[in-house]
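[1] Need a 3D model of the following:
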Amino acid sequence: MKRIIFISCLAISALTSKVNAQDIHLAQIQESPLYLNPANTGFFAGYYRVIAGYRNQWASMGKPYQTMGLSVDGGLFRNRHKSAFLGIGLSIFNDKAGAANLQNTMANLNLSAILKLTAKSALSAGINGGISMNNANYAKLTYATQYNGTEIDPSRPTGESVAYQSYTSSDLGAGLAYEFITDKKRNDRDYITSLRIGVAAFHLNRAKQEFGNSQIDPNTGAPYAEPYRLPTRYVGSATVRYDVPNSKVTVNPSFIYMIQGPATEINAGTYIKYRFKNGTKVTGEKVENSFGVGLFYRVGDAIIPQILIDMGN
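    The predicted structure follows:
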């Protein structure tokens, strides 16, 4: 089974809002399952899945936030007669912003083990590991000391002694996901009700974040203070699918809670999808096509309307 999904999103943020996040910030966060939980790797109804995303935010400021993401995952040794199989996936995210193009690129390999507990339930445990690369064009940074009374003059001395640097760090995460599915069988199709809940933790190793060497004593080589470490990001999520019996309507609500250091985020909302037609239940000669609209709310920050087109095969 292949699935092709096209989503259009407009995020409307209050001008006075404050975005509290230290990791890459996504509006359509429920469409990035590997970002939410490594246990989601290969844990879906299909053989493989490809997701690509792009975000451009606050373009009017001249140097907007730009985020690009790509993930690929699928199942290994998957067989309807077996109660367990593996999931494998790769996710890459790149985020950059500002005059110096400060950017972070993360690449992670995901592995999961999915076990069918009963005919209606399954449990997945996943881990991910990879690298995080941070760099910028530090020569483009300007400072208040370069103000000449009229404007910032890049040729004036900065008065700064910090020697900025690029750095690469390791990354490690883990998670669990549980899904329960029931279905009401009809002649035209099976009407599914499902619930998936998950918990995950990212940056378990709390890698050092070292943009400059100003914390190093040049005489002793010892640090002046403990370097900053990236806080662990904890994620809790719940997703429901409900096919309204004897209708062409499906409702997909979701709830996501994240906490990282002092920052928290709550994202909740739902899709409502309408099937143009049902696929043939036995022969598979005809496939389902549906159109959906969604409305999600990032608490205290943004309203996120979405449009979805879902095409079987």
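
[2] So the spatially most central residue of the chain, which state does it fall into?
    Closest residue to the average C-alpha location of the chain: Tyr35 at 3.4 Å, with Cα atoms, centre = their mean. Secondary structure for Tyr35, judged by DSSP: H, G, I helix; E, B strand; the rest coil, is helix.

[3] Could you tell me which residues make contact with it?
    Counting by Cβ atoms under 8 Å, 6 or more residues apart in numbering, Tyr35 touches Ile24, Leu26, Ile29, Gly69, Ser71, Ser91, Phe93. Glycine gets a C-beta too; all of them are placed from N, C-alpha and C.

[4] Turn those residues into CSV, including neighbour count and secondary structure.
    Output for the contacts of Tyr35, formatted as CSV (neighbours: other Cβ atoms under 10 Å; DSSP: H, G, I helix; E, B strand; the rest coil):
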residue, neighbour count, secondary structure
Ile24, 18, coil
Leu26, 23, coil
Ile29, 21, helix
Gly69, 21, strand
Ser71, 22, strand
Ser91, 23, strand
Phe93, 22, strand
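
[5] which among those gets closest to Gln57?
    Leu26 (10.4 Å; Cβ to Cβ).

[6] so the closest one makes contact with Thr67?
    Yes. Leu26 lies in contact with Thr67 (Cβ atoms under 8 Å); the separation is 7.0 Å.

[7] Overlap in contacts, these two.
    Residues touching both Leu26 and Thr67 by Cβ under 8 Å, 6+ apart: Gly53, Arg55.

[8] all helices for the stretch 201-313 of the chain, in order.
    Using DSSP state H, counting those that start in this stretch, no helices are found in the stretch 201-313 of the chain.

[9] Convert the C-alpha atoms of stretch 293-309 to CSV, please.
    Output in CSV follows, covering the C-alpha atoms of stretch 293-309 (Å, rounded to 0.1, in the frame of the first residue of the first chain):
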residue,chain,number,x,y,z
VAL,A,293,-10.1,20.0,6.4
GLY,A,294,-8.5,20.4,9.8
LEU,A,295,-8.3,23.0,12.5
PHE,A,296,-5.5,22.8,15.1
TYR,A,297,-4.6,25.2,17.9
ARG,A,298,-1.1,25.7,19.4
VAL,A,299,-2.1,27.0,22.9
GLY,A,300,-1.3,30.6,23.4
ASP,A,301,0.4,31.0,20.0
ALA,A,302,-1.3,30.0,16.7
ILE,A,303,-4.4,28.8,14.9
ILE,A,304,-3.5,26.3,12.2
PRO,A,305,-6.1,25.5,9.5
GLN,A,306,-5.2,22.7,7.1
ILE,A,307,-6.3,21.1,3.9
LEU,A,308,-5.7,17.4,3.1
ILE,A,309,-6.1,15.3,0.0
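
[10] Number the residues from 45 up from this point.
    OK, 45 is where the count begins now, so the last one is stretch 337-353.

[11] Buried residues in it, which are they?
    Neighbour counts over stretch 337-353 (16 or more other Cβ atoms under 10 Å) mark Gly338, Phe340, Arg342, Asp345, Ala346, Ile348, Gln350, Leu352 as buried.

[12] sorry, back to before: mind checking how far the residue nearest to the centre of the chain is from Asn148?
    For Tyr79, the distance to Asn148 equals 14 Å [Cβ to Cβ, to the nearest Å].

[13] Identify all contacting residues around stretch 185-195.
    Identification of contacts with stretch 185-195 by Cβ under 8 Å, 6+ apart yields Ala143, Ala144, Ile196, Asp197, Pro198, Arg200, Pro201, Thr202, Gly203, Glu204, Tyr208.
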